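In: got a sequence here, can you build the structure:
(one chain, ligands or ions: 1)
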Amino acid sequence: VVIRSAALADAEALAGLSGQLGYPCTGEQVAARLSALLDDAERTVLVAEVGRGLAGFIDVHVQRVVEADPYAEVGGLVVDERLRHSGLGAALLAAAAAWGRERGLGVMWIRANLARRGSHELYRRVGCSRVKDQRVYGYTL
Ligand SMILES: CC(C)(COP(=O)(O)OP(=O)(O)OC[C@H]1O[C@@H](n2cnc3c(N)ncnc32)[C@H](O)[C@@H]1OP(=O)(O)O)[C@@H](O)C(=O)NCCC(=O)NCCS
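Out: Numbers count the residues shown, from 1 in each chain. Take a look at the predicted model:
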């Protein structure tokens, strides 16, 4: 397993994985999003490469707000359903945490839908503590 930064050539595979995360999209859509994201030094998408294919990704960025010091925040995490339970999710989380640590950040927040039952157990296992439950509201623009 190699964990590396995503490249535009990964767009098609990332679209497939996004579908597994519950966000169906095309390779073209991902390529457009990724090219904006790759220009931003405070964002990264890390992928787990197994053989010649992508087994998963994690999306992490620096979040800056007035009321707290900058912190890392995970945007999305998914491992290919055929390759789960072999440590890839934990490896991606460790790589994202290292990325945040290298930038001097002291904490990485992960917001997880309560419905994503498996992920909560994984976060506990890698040493995260549960902080709070929240509701998410969408404000149509
Ligand atoms: C959560 C996810 C990324 C974990 O990836 P993974 O590569 O299987 O993770 P690891 O192999 O490092 O760790 C697996 C551990 O996570 C927990 N876990 C993962 N899925 C689980 C499930 N469905 N039920 C119970 N525990 C689960 C268990 O502790 C498991 O340990 P085990 O393999 O010994 O049973 C993967 O299941 C996934 O992509 N799920 C769908 C998307 C998702 O929920 N993403 C998180 C968004 S917040």
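
In: show me what the longest strand seen in the chain is packed against.
Out: Counting by DSSP state E, the longest strand found in the chain is strand 53-63. If you count contacts as 3 or more CB pairs under 8 Å, 6 or more residues apart in numbering; DSSP states H and E, strand 53-63 packs onto helix 11-21, strand 43-50, strand 71-79, helix 88-102. All C-beta spots, glycine's among them, are computed from the backbone N, C-alpha and C.

In: and the angle for that strand with helix 11-21?
Out: Strand 53-63 and helix 11-21 meet at an angle of 80 degrees, taking axes from the mean of the first three to the mean of the last three CA atoms, to 10 degrees as the criterion.

In: give me every residue that touches the closest residue to Ala13 other than its chain neighbours.
Out: Using CB to CB, 6 or more residues apart in numbering and skipping residues adjacent in sequence, the residue nearest Ala13 is Leu54, 4.0 Å away. By CB atoms under 8 Å, 6 or more residues apart in numbering, the contact set of Leu54 is Asp10, Ala13, Leu14, Leu17, Val47, Ala48, Asp80.

In: ok, back up a step: which of the helices and strands packed on strand 53-63 sits closest to the ligand?
Out: The closest of the helices and strands packed on strand 53-63 to the ligand is helix 88-102. By CB to the nearest ligand atom, the value is 2.6 Å.

In: partners of the helix or strand just after that closest one in the sheet?
Out: Once the chain leaves helix 88-102, the next helix or strand it forms, by DSSP states H and E, is strand 108-110. Paired with strand 108-110 in the same sheet, following DSSP bridges, are strand 71-79 (parallel).

In: close to the ligand, is the partner strand?
Out: Yes - for strand 71-79, a contact with the ligand is found by CB under 6 Å from any ligand atom, at Leu77, Val78, Val79.
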